[in-house]
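Asker: Mind looking at a prediction? Sequence and model below.
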Amino acid sequence: MLELFGEYDLDAREKLHEVLSTLIEHNDLVVVDVTEAAFIDSSVIHALMAAHREAASRGHRMRLQLGTKAIVRKVIEISGLLDELECAETRPEALA
């Protein structure tokens, strides 16, 4: 499980990629919780898509737990991530 808090942009991309790769390597299911993220940009969207592809190539899964921040949800909707990633609204749904 990876929880994102605050703002994530190009400066966080490399670290986010490293953390996601490690989680995917060691877990069959990786949940990325954006409930408390206040902002994400296209570099984060790219990192999430890359992680999704990496998980799939290993036979693992990645799921996005959506929060209530309208701006983050809008970015995820516009980017098409909702169509590509498994998504859940709550922690129990995300971990199921």
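Answerer: Structure's in. What do you need?
Asker: how about the nearest residue to the spatially most central residue of the chain, chain neighbours excluded?
Answerer: Central residue of the chain (CA atoms, centre = their mean): Val32, 4.2 Å from the mean position. Closest residue to Val32 apart from its sequence neighbours, by CB to CB, 6 or more residues apart in numbering: Leu2 at 5.0 Å. No exception for glycine: its C-beta is placed from N, CA and C like everyone else's.
Asker: And for the one you found, the neighbour number?
Answerer: For Leu2, the count of nearby residues is 16 (other CB atoms under 10 Å).
Asker: I'd say it and Leu29 touch.
Answerer: No: with contact defined as CB atoms under 8 Å, Leu2 does not count as touching Leu29 (11.7 Å).
Asker: picking that back up, quick one, grab the pLDDT at the residue nearest to Val32.
Answerer: Reported pLDDT at Leu2 in the predicted model: 95.
Asker: Let me see the ranges of the helices in this structure.
Answerer: Ranges of helices within the chain are 13-26, 42-57, 70-79, 81-84, 91-95, based on DSSP state H.
Asker: Would you point to the one among these that's packed deepest?
Answerer: helix 42-57 (a mean of 18; mean count of other CB atoms under 10 Å).
Asker: And that helix, how far out from the chain middle?
Answerer: Centroid separation between helix 42-57 and its chain, computed with CA atoms, centre = their mean, to the nearest Å, is 8 Å.
Asker: which residues are in contact with that helix?
Answerer: With contacts defined as CB atoms under 8 Å, 6 or more residues apart in numbering, helix 42-57 is touched by 8-10, 12-13, 16-17, 20-21, 24, 30, 32, 61-62, 64, 75-76, 79, 81, 84-85.
Asker: Specify the angle between it and helix 13-26 in degrees.
Answerer: Taking axes from the mean of the first three to the mean of the last three CA atoms, to 10 degrees, one finds helix 42-57 and helix 13-26 inclined to each other by 20 degrees.
Asker: Right, I'll leave it there.
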